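In: sharing a model that was predicted from the sequence below.
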Amino acid sequence: MNNLREEIGGYFGLDLPEYGALYPQAVHYQSARSALRAVLECQGIHRVWMPAYVCDSVLRAADAAGIEARTYGLDNSLYPSDLPSTLLDDEVVLYVNYFGLCQSVVKRLQTQYLLEHLIIDNSQALFAPHNGELATIYSPRKFAGLPDGGLLLHSSRLSITVPSVEDQGSFERMKYLLLRTSCSAREGYAAFQEARNSLQNLPPMTMSRLTRRLIRSIDWQQVRSRRRDNFAVIAQRLNPMNAIQWLPTDDDVPLCYPLVLRGIDVAAIKAHLTAQNIFTATYWPDALPRLKPGSIEAALAQDTLFLPVDQRLDPTRMEIFVQYILDMLRSLPSDRADQS
Ligand SMILES: Cc1ncc(COP(=O)(O)O)c(C=O)c1O
């Protein structure tokens, strides 16, 4: 009877909903850094221009691929400030779509450089489209509870070989998700760091079937709309005290709300928030030695609170959260709060 080769009956697995693949046409890797390494390993690329303001894992991907990496700075609109205006045939530019808020910068770059010279790192911009660049890379685990995973969309000019070996690490990396679900973020944090570290120094492998299935179980439309709605709530209240005025376009789906507070001890505020079980990311302390003091990148790396806008919050809770942040900032000694 069963010539479908599907299993029928027996014990149950996880009861996961099915929303379909996020990017069905993508090449699926175990991480975004592996996807990037796979791109850079393709013949014909000898130099990649990367922003100095990026995490080390991105620069290491170039190293692992045996490609020369040169770094560039950013102007106040986060557009590259010191890139050569023309590139050699074997050079590419990698640009990070920062915080999911820089799609207009990506569009500007597309008018400045040939698409085949561009790699767009959408690790922080999961919903930003691929527009024919050489490569566009995504890291869905930064937007929802997933153990790992990286996606690559690429132009036909890039002859990529799909990896044949499947990543076997997802089971172990599930630990932090299970700890967060059954215990708390605090109790899962060490496992989260272990999972993240375990993605280092691996050759490109194909995404595990577990991660693929988990990606299909997420309602990405809801993720997208909640993030935009939450961002709108927070931006309306906090933009007046923010050193950068974020104005998301219709294409932008934010990773977080970066609140740039020049001259305020942001590390102390972060520590205070952590004590209240409010966890905020830092992007990226490892980049600091590469950044010019006083630059916009240095302000982002050390003077910025990256406030959550994710789908776990709805706009009503977001209002309460923003009020808490405002009250806390207003309670700072006046010499520190002057900046607002
Ligand atoms: C901008 C950017 N690109 C790429 C990566 C690497 O992503 P993954 O952890 O999926 O390898 C990161 C990771 O932190 C990142 O911040």
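Out: Perfect, I can see it now.
In: all strands for the stretch 101-250 of the chain, in order.
Out: Assigned by DSSP state E, counting those that start in this stretch, the stretch 101-250 of the chain shows strands spanning 118-122, 135-138, 150-154.
In: what's the burial count for the closest residue to Gln245 other than its chain neighbours?
Out: Spatial nearest neighbour of Gln245, chain neighbours left out: Asn239 (5.8 Å); criterion: C-beta to C-beta, 6 or more residues apart in numbering. Glycine gets a C-beta too; all of them are placed from N, C-alpha and C. The number of residues packed near Asn239 is 14, by other C-beta atoms under 10 Å.
In: pretty sure Asn239 sits against Pro248.
Out: No - look at Asn239 against Pro248 with C-beta atoms under 8 Å: they stay out of range, at 11.3 Å.
In: got the contact list for the residue in the stretch 151-300 of the chain that the ligand sits nearest to?
Out: Across the stretch 151-300 of the chain, no residue is closer to the ligand than Leu199, which sits at 5.3 Å (C-beta to the nearest ligand atom). By C-beta atoms under 8 Å, 6 or more residues apart in numbering, the contact list for Leu199 reads Gln30, Ser31, Arg33, Ser34, Ser57, Asp148, Gly169.
In: just these that are near the ligand?
Out: Restricting the contacts of Leu199 to those near the ligand by C-beta under 6 Å from any ligand atom leaves Ser31, Arg33, Ser57.
In: isn't Gly149 up against Val27?
Out: No - with contact defined as C-beta under 8 Å, Gly149 does not count as touching Val27 (11.7 Å).
In: quick one, which of those two is more surrounded?
Out: Taking neighbours as other C-beta under 10 Å, Gly149 and Val27 compare with Gly149 leading, 29 against 22.
In: spell out which parts of this protein neighbour the ligand.
Out: Applying C-beta under 6 Å from any ligand atom, one finds that the chain approaches the ligand through 31-33, 54-55, 57-58, 96, 121, 123-124, 139, 150, 199.
In: out of everything not next to it in sequence, what's closest to Arg108?
Out: For Arg108, ignoring the flanking residues on the chain, the nearest one in space by C-beta to C-beta, 6+ apart is Tyr79 at 6.3 Å.
In: ok, the one you found to Pro51 distance?
Out: Using C-beta to C-beta, to the nearest Å, one gets 11 Å for the distance from Tyr79 to Pro51.
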